[in-house]
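**Student:** Provided below for reference: sequence and predicted model.
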Amino acid sequence: MNVLALITFAVIEISFIAFAVLIARSGLRSPMNRSFLYFLIAFALWAASNYVSNFAFLDIEVVLLLNRILFVVSVLGLAVLLLFITKISHYKPSRLSRIALIAIAGLGIIAALLPWTVAGVYVDNMVVGIDFGVTASIYFAAILYMTGTILHRLRMGTRKRSAIERSRSQVLFASIGVAVAMILITNVVLPFVFSNFGLTLIGIFAGMFIIGGVSYGIVRHGMFDIKRAAIRSVTYSLVLITLTLLYFLLAFLISGVFDTVFTSSGEAISGVAISLTLALVFQPVRRFFDRVTSKIFYKDTYSTSAFYAELNRTLVSTTRLKTLLERTSSQIAKTLKSEQALFFINTEEGRHIQAGTDGHIQLPAADARELREYLQKFPGIIQASLLERAPHIRRLMVSHRIELVMPLVRNGSTIDLLCLGEHLASSYTRRDVQVLQTVGDELVIAIQNALSVQAVTDLNENLQQRIDSATRELRASNAQLQKLDEAKDEFISMASHQLRTPLTSIKGYVSMLMDGDAGKVTADQKHLLQEAFISSERMVRLIGDFLNVSRLQTGKFMIDKRPLDLAKIVQQEIEGLGSNASARNLSFTYKKPKNIPLLPLDENKIQQVIMNFADNAIYYSKENSTIKVNLELVNNHVEFTVKDTGIGVPLAEQEQLFNKFFRATNARRQRPDGTGVGLFLAKKVIDAHDGQIIFQSKEGKGSTFGFRLPIPKNT
């Protein structure tokens, strides 16, 4: 029994320390993780106190002190366990209940410290017994009250509406409930009621139930968000065990050979051989167990590139808003393993539209308004299980079984919502959140386009009903149809006429101020005006890019070619961007060639391509560097390149660089306000000119962007 108790004690202590390390490594941001860590420490101390206090061979005074320490640690352990259970069950005790528990726990600690609870100890047949004093009843009453409260709150946790939380609570209820019952019987009922102290050591076996239940919860339900750390720990443990077994096997085999041939020299040779063998097999063994554990525990993972590609196809598959939202939410829920997904979209008429997966909840407009108000103050994705600053928002999300809310901002002020329910397998990871953030802008554009189309569709349906109901309204209906056609044209040209015009005026006035037309301008004022002018220019280009994307989608992207001097166009664009470059301590080098023939080009669109390449070079280059611009004849082609020494493009992301709305990770960090449409449009323009894009890049060393255009045979 003593050997079994020692082995059990060692396994429990090592397991609890391992769990504590894993939880600490995974982060203590979650209140549930923190409280469970405290419980692990408390139970490990209790198990150690229980084990040591049964050492019958120690001095009787030492045994008495150890048992009094055990009684104090027992109350503290129950208090920490009660805190943990309260966190996982989201139970909100009343103020009176909290005060009563604190008072009872304090009373139990005081009683444990008094000499009239553990009045004395004795040893009978190597079993430590306790003589209880007059205050022992108070102590055990406190223990029983706290134990009953723990079991009650565990039971309350199994009634949660969320399937994943209910499953987690059931696992903990079973494992901790059995453990508490075993400890209660062996360490409270039998010793205090029947004066039987022979089974107190069995109490430490209760830790095996907790270890088993928590291990199952981590693997099956992603409990405590330490699955990844746990899996990696299992992997390296398997590697160490395999290498250890291999070491002993090699040592046995080699020693058997050399014992018959050599003596001391054989030992040296065998040591070298074993070391070389282990060094050679370490990496293959580690890779093998990495593949095995990943296949077992991460079989439900998903490819982000495949998800992005499929989502792009979904977003362009229909212009009907409700169908678009239902397809998109189903795809997101399926990929991220969400219990439900829904969109809450606000219309210009002050109404709202809800659409999502089958059986999704209906979010009340008042609750959606509260979420929007909170997101206006604290932008970004909010997660209910990690939300501490706004408990009322957390309660609102939990009441609707919503775990994640992502804001979708349209027109700078209108906030739509994408809501995801509980994770069906475990919990959402940082990777899931990053994936949602990546597709956020694309969702906003698709929703805006669908809303515009729906507005047109609604008007069409309304007009069709009028035409069908009364022929006398035919003229009015025809007039409305003309307005619809105008509305379509207005929507397409809105970016040009409604946004470009005021921006052009702003640029003009800023330019006049910089030139001193309104009075003398100081150096600092001129610097600020230059920044405003540059920002205005960039806004004009952004508007043009988005307008061209819209034209591409509607088939109105036209190329108007005329014979033009490309060398002159390049020179004009580079000179126009000179002030932008100077403001960032950069410079251009360009020598205008004289042998470039006239080429059939669309002047405005080629200018946009040249400006995009040069503008990117300015923003992503290091200060005090030179950007090399080159235009030359190569065989029967004209080649234009812009070479910088900037941040470059990561090799793994280069294939996607010219996709719509794609931006490299390092580019998003350096320039968060980019759109990812410039290079996409540049490729479309060059393709329309029967040309080819030139691109070379090395991360951290710089990039070369350009194009190659054919020279017509009759030139």
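**Tutor:** On my side now, so go ahead.
**Student:** mind listing what Asp441 touches?
**Tutor:** Shown in contact with Asp441 (CB atoms under 8 Å, 6 or more residues apart in numbering): 661, 675. Placement of C-beta: from N, CA and C, glycine included.
**Student:** Looks to me like it is in a helix.
**Tutor:** Yes: assigned with DSSP: H, G, I helix; E, B strand; the rest coil, Asp441 falls within a helix.
**Student:** how far away is it from Ser305?
**Tutor:** Between Asp441 and Ser305 the computed distance is 17 Å (CB to CB, to the nearest Å).
**Student:** what does Asn612 give?
**Tutor:** With CB to CB as the criterion, Asn612 and Ser305 are 25 Å apart.
**Student:** more neighbours, the two?
**Tutor:** Asn612 (21 against 11; other CB atoms under 10 Å).
**Student:** Hmm, that one is touching Lys683, no?
**Tutor:** No: contact between Asn612 and Lys683 fails when scored by CB atoms under 8 Å: they sit 10.5 Å apart.
**Student:** From the chain's centroid, how far away is stretch 696-714?
**Tutor:** 36 Å (CA atoms, centre = their mean, to the nearest Å).
**Student:** Endpoints of it, how far apart?
**Tutor:** End-to-end distance for stretch 696-714: 32 Å, by CA to CA, to the nearest Å.
**Student:** Quick check: buried residues in that stretch?
**Tutor:** Residues of stretch 696-714 classed as buried by neighbour count (16 or more other CB atoms under 10 Å): 697, 699, 702-709.
**Student:** Return the member of those nearest to Asn630.
**Tutor:** Among the buried residues of stretch 696-714, Gly706 lies closest to Asn630 (CB to CB), at 8.0 Å.
**Student:** ok, the closest one to Ile610 distance?
**Tutor:** Taking CB to CB, one finds Gly706 at 9 Å from Ile610.
**Student:** can you check Thr645 too?
**Tutor:** Thr645 is 19 Å from Ile610, by CB to CB.
**Student:** So those two - more neighbours on which side?
**Tutor:** Ile610 (25 against 17).
**Student:** so that one is in which element?
**Tutor:** Using DSSP states H and E, Ile610 sits in helix 603-620.
**Student:** tell me the mean pLDDT for that helix?
**Tutor:** Averaging pLDDT along helix 603-620 gives 87.
**Student:** looking only at pLDDT, what's the mean for the helix or strand where Ser175 lies?
**Tutor:** In this assignment (DSSP H and E), Ser175 forms part of helix 163-184. Taken as a whole, helix 163-184 carries a mean pLDDT of 70.
**Student:** Next secondary structure element downstream of that helix?
**Tutor:** Counting by DSSP H and E, the element after helix 163-184 in chain order, helix or strand, is helix 190-194.
**Student:** quick one: Phe343 and Gln354 touch, right?
**Tutor:** Yes: if you go by CB under 8 Å, Phe343 and Gln354 touch, sitting 7.0 Å apart.
**Student:** Tell me the pLDDT of Ala532.
**Tutor:** So Ala532 comes in at 81 (pLDDT).
**Student:** same question, Tyr247
**Tutor:** At Tyr247, pLDDT is 67.
**Student:** same check, this time on Met397
**Tutor:** 91.
**Student:** Then Gly157?
**Tutor:** The model's pLDDT for Gly157 equals 63.
**Student:** quick one on the thing from earlier: now the helix holding Ile610: how far from the chain's centre is it?
**Tutor:** 34 Å.
**Student:** again, but for stretch 189-207
**Tutor:** 47 Å.
**Student:** give me phi/psi at the residue nearest in space to the middle of the chain?
**Tutor:** Centroid check for the chain by CA atoms, centre = their mean gives Arg430 as the closest residue, at 2.2 Å. Arg430 adopts backbone torsions of phi -60, psi -30, taken as degrees, to the nearest 10.
**Student:** What are the structural domain limits within this protein?
**Tutor:** Using automatic domain parsing, the domains assigned to the chain come out as 2-225, 230-297, 304-458, 470-536, 558-710.
**Student:** Lowest average pLDDT across those?
**Tutor:** Among these, domain 230-297 scores lowest, with a mean of 62.
**Student:** Tell me which residues of stretch 680-700 come out buried.
**Tutor:** Quick answer for stretch 680-700 (16+ other CB under 10 Å): 680-686, 689, 691-695, 697, 699.
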